[in-house]
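K.L.:
predicted model, plus sequence, below.
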Amino acid sequence: MSKRLLPTNWKTLVKVFTSAGFVETRNTASHIVMARAGVTRPVIIPKYDEIGLDIITNNMRTADMSRDEYFNHLDNI
């Protein structure tokens, strides 16, 4: 059975992408920029208490991460 994507906070999302091999390249007051070798565009995570599904899915698409990969990383943090 497929899991459902839910909004999450920025700290959890940073842990998910760190688990996927991304490293923080910049950290401003409002956003975190993460990059990984082989991915042409950076993943940008806003420091929101609740990050919506549109931002999560766009970052997953940028990282070429499937839903299953996302949930595997989420379960391992």
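P.N.:
Ah, there it is. Residues are numbered from 1 along each chain as shown.
K.L.:
who's in contact with Asn59?
P.N.:
By CB atoms under 8 Å, 6 or more residues apart in numbering, Asn59 lies in contact with Leu13, Phe17, Val43, Ile44, Ile45. In short, each C-beta sits where N, CA and C put it, glycine included.
K.L.:
try it again at 6 Å.
P.N.:
Residues in contact with Asn59 (CB atoms under 6 Å, 6 or more residues apart in numbering) are Val43.
K.L.:
what does Gly52 give?
P.N.:
Contacts of Gly52 by CB under 6 Å, 6+ apart are Pro7.
K.L.:
tell me the pLDDT of it.
P.N.:
In this prediction, Gly52 carries a pLDDT score of 95.
K.L.:
how far away is it from Trp10?
P.N.:
Note on Gly52: its distance to Trp10, by CB to CB, to the nearest Å, is 12 Å.
K.L.:
same question for Lys47.
P.N.:
Lys47 is 5 Å from Trp10, by CB to CB.
K.L.:
Thr62 now?
P.N.:
16 Å.
K.L.:
the more surrounded of the two?
P.N.:
In this view Thr62 and Trp10 are compared by other CB atoms under 10 Å, and Trp10 has more residues nearby, 18 against 15.
K.L.:
so who does the more buried one touch?
P.N.:
For Trp10, the contacting residues are Ile45, Lys47, Tyr48, Ile51, by CB under 6 Å, 6+ apart.
K.L.:
also Asp49?
P.N.:
Here Asp49 is in contact with Asn9 (criterion: CB under 6 Å, 6+ apart).
K.L.:
only C-alpha atoms, please: export stretch 10-22 in CSV.
P.N.:
Output in CSV follows, covering the C-alpha atoms of stretch 10-22 (Å, rounded to 0.1, in the frame of the first residue of the first chain):
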residue,chain,number,x,y,z
TRP,A,10,12.1,22.1,7.4
LYS,A,11,14.3,20.2,9.9
THR,A,12,12.8,16.9,8.9
LEU,A,13,13.2,17.7,5.2
VAL,A,14,16.9,18.6,5.7
LYS,A,15,17.5,15.2,7.4
VAL,A,16,15.8,13.4,4.5
PHE,A,17,17.9,15.1,1.8
THR,A,18,21.1,14.7,4.0
SER,A,19,20.3,11.0,4.2
ALA,A,20,20.1,11.0,0.4
GLY,A,21,23.6,12.4,0.0
PHE,A,22,22.9,16.1,-0.2
